[in-house]
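>>> predicted coordinates and the sequence they were generated for:
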Amino acid sequence: MSIVPVIGRELRSQSRQPLTFLLRLAGAASIALAFWLAFSSLHPPLRISNYPAPSQQQDFQNFGVALFGKMNLTIFLAIWLLTPLAAADSISRERRKGTLPLLQLTRLRPWEIVLGKSFVHLLRSSTLFLTMVPWLLIPFLFGGLSLQDLRLALLLDASALFLAQSAGLLASTFSRDWLKSVIWAEVLALLLLLAMMNRYEIILDRAFTNGAVPAVSRFPLGAWRPPQPIGLWEHMSYPNGFLEKRSALLGLLTSGDVEYQNQNQWFTGVYSLEFQSAWQRLWLALNPQGKLLWRNGAVTMLAGSIAVFVLAILLGAAYVQRSWRESSPGAAWERLRLQYFTPKYGVSSLRQRLSRSLSRNPIGWLHHYSPSARLTKWSWCLFLIGIETFFVGNVQDLYTAQAGLSFLLLLGLLFSSTGSFRNELETGAFELLLVTPLREGQILLGRVGGIWRQFLPAFVIYAAGALFLASGWTDKTIGPAAVESVLWTALLFISAPFIGLYFSLLRWNFLVAWIMASFVALLLPVFLRGNREFGAPLLILGQFGVAAFFAWRIRSRLQNRLALSQTAREANAA
């Protein structure tokens, strides 16, 4: 078959990619995280005299249940996060290198090109899945689980793998730039994840409607029971908002929701504290017909995921057939660009501001001189306002979303700073920056100032929303807590660009550089903040000290031209 050489070529190419090995390291890190989460969940509430102490065997079984749920949760999240990233550069890489037209000159048809690429990247993503799956067998050694849990986990994780691969493949087909492919891959993956959650909710609701065990605990023996069917959310505690409902569905998808349940034996007054996972609660609440509907629904989800994957291959092949030739944008696109991206109001004022910015900070000017840079700047503001407006109907969702917006904003700032010098290093413009009259400190502070200016309006909107939501409460601790959160975010906002810029000069894989920068700039300070031994002054001094250290390292690399020498070594090796 003509597709076999494409698969062999892609296998040899991907075997040399550092991301292939980093995916396995990410899988190992996810397993380690699952062990830590399992240990953290084994904290029963305060025992009273009516609660008998669990035996040692029961403790082992509880740990096995918790470990299985947390492992399946980390595997599921790793699939949705890493698989689209691994497949996001399958077709777009051929476009950038100019080898896609060469593939079209062969006997290969477009669907064979896309199928060969998708097969290799699915195989590479499957190595992540297959590396982590054997660890799911470890909890069975502790007891408390059944094989039906393992079968259900494999079905749902395989469905997630095909859907996540479809998101990465579509994003890689429709985009040429690597960064845009990654962003679109994660956006499509999020949409497919929400669709998978909605379908799973329908399956469980149908299983409870047609196969739920009668709720004996709600009615005394021999009492009348309502004849109407009880659905999923009537049986369980109904979530109060969009985010809470999606969080509950994620626990039902992965069995990652594990907790202690109070069991009251009727007419005896004896209470027992039983450790259960989400799936164990569902197995106990369903009769054989409901369990069959649940398993059959998982099988249909896997079949639907495979169908979506095949559809993604066909859509990608159709787009490759139509757009494999490199051509300039059409006249219609040029008219749209001139209509919506050409300044019409305050043109002279805009030119004066850009001219002053170019004279004052020419390095930072590169961050906002183009329409796309200004669009990115104000898109962050629109995103924050849109999220707050979407969740304004539910107070609990609104406060949960507001708490996560600062984390998303800082991740976006690190994303921009980590990719800051990469374009200059790839195009050779970085050498021109170093031969200009600008000194190394001016280049560093200019770029940091440009990043601050790009994200400052979004940070102001976040801070205003956080302080407004904290006002009006009778509890006097909410206001100071909100002010402390805003000040802590401001501290990270100031120090994070230095860390991201340092990793942008290391010429690592972009995803690895971004993850490492996020770990150093965000996760480590948050972990230290949760430790009561470190006071606020010590944390502030430590964060500024870390920023100063990375600024010194950046200036040293600029003075010694280490980034240029590393680029030359990579070019010679290639």
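It's in.
>>> ok, Phe63 touching Leu37?
No - Phe63 is beyond contact range of Leu37, at 11.7 Å (criterion: CB atoms under 8 Å). Just so you know, the C-beta spots here come from the backbone N, C-alpha and C atoms, and that holds for glycine as well.
>>> and the residue nearest to the spatial centre of the chain, which helix or strand is it part of?
What sits nearest the mean C-alpha location of the chain, by CA atoms, centre = their mean, is Leu81, with 5.0 Å. According to DSSP states H and E, Leu81 maps onto helix 56-87.
>>> please, where are all the strands along this structure?
In the chain, the strands defined using DSSP state E lie at 258-265, 270-277.
>>> mean pLDDT lowest where, among those strands?
Comparing mean pLDDT across the strands of the chain, the weakest is strand 258-265, with a mean of 59.
>>> what packs against the top helix by length along the chain?
Longest helix in the chain by number of residues (criterion: DSSP state H): helix 288-323. If you count contacts as 3 or more CB pairs under 8 Å, 6 or more residues apart in numbering; DSSP states H and E, helix 288-323 packs onto helix 110-132, helix 147-174, helix 178-211.
>>> just the mean pLDDT for the longest one, thanks.
Helix 178-211 shows a mean pLDDT of 87 in the predicted model.
>>> buried sites along it?
Residues of helix 178-211 classed as buried by neighbour count (16 or more other CB atoms under 10 Å): 178, 181-182, 184-186, 188-189, 192-193, 196-197, 199-201, 203-209, 211.
>>> next one: that helix to chain centre, how far?
Offset of helix 178-211 from its chain centre (CA atoms, centre = their mean, to the nearest Å): 14 Å.
>>> what does the shortest one give?
Its chain's C-alpha centre and that of helix 110-132 lie 20 Å apart, by CA atoms, centre = their mean.
>>> what residues sit buried inside that helix?
Quick answer for helix 110-132 (16+ other CB under 10 Å): 110-122, 124-125, 128-129, 131-132.
>>> show me this protein divided up by domain.
Domain assignment for the chain by automatic domain parsing gives 3-43+56-214+235-257+276-323, 363-573.
>>> report the contact partners of Glu186.
81, 84-85, 167 (CB atoms under 8 Å, 6 or more residues apart in numbering).
>>> Leu311 versus that one, what's the distance?
Taking CB to CB, to the nearest Å as the measure, Glu186 falls 20 Å from Leu311.
>>> for Leu179, same thing?
26 Å.
>>> wouldn't Gly143 be in contact with Phe63 here?
No - in this structure Gly143 lies outside contact range of Phe63 using CB under 8 Å: 9.5 Å.
>>> of those two, which one has the most company?
More crowded of Gly143 and Phe63, by other CB atoms under 10 Å: Phe63, with 20 against 14.
>>> now the more buried one, nearest residue through space, not along the chain?
Phe142 (5.5 Å; CB to CB, 6 or more residues apart in numbering).
>>> which residues touch that neighbour?
With the criterion set at CB under 8 Å, 6+ apart, Phe142 makes contact with 60-61, 63-65, 67.
>>> buried subset of those residues, written for ChimeraX?
Per 16+ other CB under 10 Å, the buried members of those correspond to this ChimeraX selection:
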select :61,63,64,65,67
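>>> out of the contacts of Glu186, who has the most neighbours?
Pro84 (30 neighbours).
>>> could you check how far the closest residue to Ala298 other than its chain neighbours is from Thr209?
In space, and not counting its chain neighbours, Ala298 is closest to Leu155: 4.2 Å by CB to CB, 6+ apart. Applying CB to CB, the value for Leu155 to Thr209 is 21 Å.
>>> now Leu122
For Leu122 relative to Thr209 (CB to CB), the value is 36 Å.
>>> repeat that for Thr173.
40 Å.
>>> so which of the domains of the chain is nearest Arg353?
Evaluated over the domains of the chain, closeness to Arg353 peaks at domain 363-573, with 9.4 Å, by CB to CB.
>>> show me where pLDDT drops low in the stretch 301-450 of the chain?
323-334, 337, 340, 361, 364, 366-369, 423, 426-428 (pLDDT under 70).
>>> all helices for it, in order.
Under the criterion DSSP state H, counting those that start in this stretch, helices of the stretch 301-450 of the chain are mapped to 331-341, 347-360, 362-365, 371-390, 395-418, 422-427, 429-434, 440-469.
>>> thanks a lot, see you next time.
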